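Trainee: give me the fold of what follows.
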Amino acid sequence: MTVIDVPGVANLRDVGGIPAGRSRVREGVLLRSGQLAGLTPDGVLRLRERVRHVIDLRDDAEVAAEPSALTGVTTSRIPLFLGSVGSFFEQDMDLAGMYRHLIDEGADRLVDALRIIAAGEPTLVHCTVGKDRTGVTVALALSAVGADRDAVIADYALTASQLPAARNRAVVQYLRAHMPDARNAIQLATQSPAPVMTELLEDIDARYGSAAGYLREAGLTDAELTALRSALVV
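Mentor: Residues are numbered from 1 along each chain as shown. Modelled structure (predicted):
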């Protein structure tokens, strides 16, 4: 994968280059990032050169608080969480639990996102920081087309190092002040441990046979899975 420097957006990268059997994931087709509210005018121009479709996985409150600055690109809103992001912190849920919730409760919306990716346009998937909802969506898309598992997990784990340090310090300070008894809040907000994604993908394999099997059960057709592979694998 390739980390991309565009002014005003964090955690932006192209997952192209990841091995997929004897092939590899196509460059320039699937990008991932955090929210786009801070894009500078130059950043907008640079991103327009790379992206034709944006999938915004945030809920209404997040979009209202940090509306995207990117114009001139088709955007599809697919809120992945049922309820607010804050509810996971209030429940003191850990990352593994959050991801199981996404897989169990968000299957139809995950399929909607993958259908857009399967259309083959250069597509950017993002949520607020590009870690959890984005991480699960991208990991499913890559796994469904046979991408190397270790590379998929490494792409997910890379996110923690791409989050702005100042943002992390502010978040940790806030959580310690306002949720001192929450055991999992800092992990939820700032971390992307490889074992968590490993556990998720192994759980999907155990329950559905594969990521493709999970997506079929959720409504993605074999023709759509073939289109996804054609879009992503060169």
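Trainee: was I right to think Leu225 contacts Ala144?
Mentor: Yes - using Cβ atoms under 8 Å, Leu225 is in contact with Ala144, at 6.3 Å. The way it works is simple: take the backbone N, C-alpha and C, and place the C-beta from them, glycine included.
Trainee: what touches both of the two?
Mentor: Ala212, Leu215 (Cβ atoms under 8 Å, 6 or more residues apart in numbering).
Trainee: between the two, who's got more neighbours?
Mentor: Remark: of Leu225 and Ala144, Ala144 carries more neighbours, 24 against 18, as counted by other Cβ atoms under 10 Å.
Trainee: gap between the more buried one and Asp181?
Mentor: 39 Å (Cβ to Cβ, to the nearest Å).
Trainee: quick check: the residue nearest to the spatial centre of the chain vs Arg207, distance?
Mentor: Geometric centre of the chain, nearest residue: Thr134, 1.0 Å, by Cα atoms, centre = their mean. Taking Cβ to Cβ as the measure, Thr134 and Arg207 are separated by 22 Å.
Trainee: shaky segments in this structure?
Mentor: In the predicted model, the chain carries pLDDT under 70 at residues 82-86, 89.
Trainee: switch to 80 and redo it
Mentor: In the predicted model of the chain, residues 1, 82-92, 174-175, 177-188 satisfy pLDDT under 80.
Trainee: which residues in it form strands?
Mentor: 2-3, 13-14, 19-20, 23-24, 30-33, 53-56, 74-77, 123-126 (DSSP state E).
Trainee: let me have those in a markdown table, extended by mean neighbour count and distance to Leu45.
Mentor: Shown next, in a markdown table, are those (neighbours: other Cβ atoms under 10 Å; distance: least, Cβ to Cβ, whole Å):
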| stretch | mean neighbour count | distance to Leu45 |
| --- | --- | --- |
| strand 2-3 | 12 | 19 |
| strand 13-14 | 20 | 17 |
| strand 19-20 | 17 | 31 |
| strand 23-24 | 16 | 29 |
| strand 30-33 | 25 | 16 |
| strand 53-56 | 21 | 15 |
| strand 74-77 | 14 | 17 |
| strand 123-126 | 26 | 15 |
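Trainee: ok, Glu90 to Gly135 distance?
Mentor: Taking Cβ to Cβ, one finds Glu90 at 21 Å from Gly135.
Trainee: so between those two, which is more surrounded?
Mentor: Neighbour comparison, Glu90 and Gly135: the larger count goes to Gly135, with 27 against 12 (by other Cβ under 10 Å).
Trainee: roughly how far does that one sit from Tyr99?
Mentor: Taken as Cβ to Cβ, the span from Gly135 to Tyr99 is 8 Å.
Trainee: joint contacts of those two?
Mentor: Common neighbours of Gly135 and Tyr99 (Cβ under 8 Å, 6+ apart) are Met197.
Trainee: next, count neighbours for Arg133.
Mentor: Count around Arg133 with other Cβ under 10 Å applied: 30.
Trainee: quick one, what contacts it?
Mentor: Contacts of Arg133 by Cβ under 8 Å, 6+ apart are Leu57, Arg58, Leu80, Phe81, Leu102, Cys127.
Trainee: ok, which pair from those is furthest apart?
Mentor: Based on Cβ to Cβ, the longest span within the contacts of Arg133 runs between Arg58 and Leu102 and measures 13.6 Å.
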